[in-house]
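Enquirer: got a predicted model here, sequence first, then my questions.
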Amino acid sequence: MFQTDYQEHPEEDFFEEETEMEYRLGTVVERPDGSYQWLYSMDMRKNHSILDILLVVFSISFLIIVITIVFSAGIDFEVFKILVLCFFLVFGIVLFSYWLVTSLQGGSYFMNFEMDEEGVLFQQVTSHEEQERLIASLTAMLGSESYTYSSADTGLAKRNASNAYSVFKNVKQVAGDREHNLIRVSSPFLVNLIYVDDAYYEFVFDYIASRCEKARIIPG
């Protein structure tokens, strides 16, 4: 089991300074039910972590195809030239697609994250209206002691195929990458990319790692 100095509720003083203010992107908010939520906007032109993962997945997939062809039918110079041409063609398509998506989104990738004792949720938010609604909800939560919390105010109830949800008890590895403000939470058939602001990185990493009892922990 991962050992940590994390106390059960040391975050009480840590989050106290964030009350009675307008929500700032990246701020981790403790909700009335004890769960946490934060919004993160990543500059895709400066942080290439998603592109790096796409290129690694593409390269591994292409290598598997090449090995399969070599062992099943052999390979000659003409086939080798075709494979090399296909590699650079698809490589270029991946780069162009990333550039196109980045341009269409104005260079930013807006995400909503939520976590509780059971797991952590990633949700991409593409609608400006939805982004504004989430910011307004968290601002209201920060600025009013009388705020009435409802799961409808957040994305927690929207677990579907377009989101990624990691159940802590099923996680096999938690790997930190502080340079890119990234925590990789890996389960069978799922690698959840959790982005966290510098000020909250250690807290979120410890929170997740201390609850993934079967996972290999790799600090970043």
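Expert: Great, that's in hand.
Enquirer: mind listing what Ser108 touches?
Expert: 41-44 (Cβ atoms under 8 Å, 6 or more residues apart in numbering). C-betas here are computed from N, CA, C, even on glycine.
Enquirer: let's see that with 6 Å instead.
Expert: Ser41 (Cβ atoms under 6 Å, 6 or more residues apart in numbering).
Enquirer: how close does it get to Leu25?
Expert: When distance is defined by Cβ to Cβ, to the nearest Å, Ser108 is 10 Å away from Leu25.
Enquirer: again with Ser137
Expert: Distance of Ser137 to Leu25, given as Cβ to Cβ: 14 Å.
Enquirer: neighbour count for these two, which is higher?
Expert: Ser137 (20 against 14; other Cβ atoms under 10 Å).
Enquirer: ok, the more buried one to Leu39 distance?
Expert: Going from Ser137 to Leu39 by Cβ to Cβ gives 10 Å.
Enquirer: what do you get for Val70?
Expert: Val70 sits 47 Å away from Leu39, going by Cβ to Cβ.
Enquirer: who has more neighbours, the two?
Expert: Leu39 (24 against 13).
Enquirer: which residues touch that one?
Expert: Per Cβ under 6 Å, 6+ apart, neighbours of Leu39: 25, 112, 134.
Enquirer: three-state assignment of Phe113?
Expert: strand (DSSP: H, G, I helix; E, B strand; the rest coil).
Enquirer: gap between stretch 56-66 and the chain center?
Expert: 23 Å (Cα atoms, centre = their mean, to the nearest Å).
Enquirer: and what of stretch 130-146?
Expert: Centroid separation between stretch 130-146 and its chain, computed with Cα atoms, centre = their mean, is 22 Å.
Enquirer: tell me how the protein divides into domains.
Expert: Using automatic domain parsing, the domain ranges for the chain come out as 11-43+111-218, 49-104.
Enquirer: brilliant, that's me finished.
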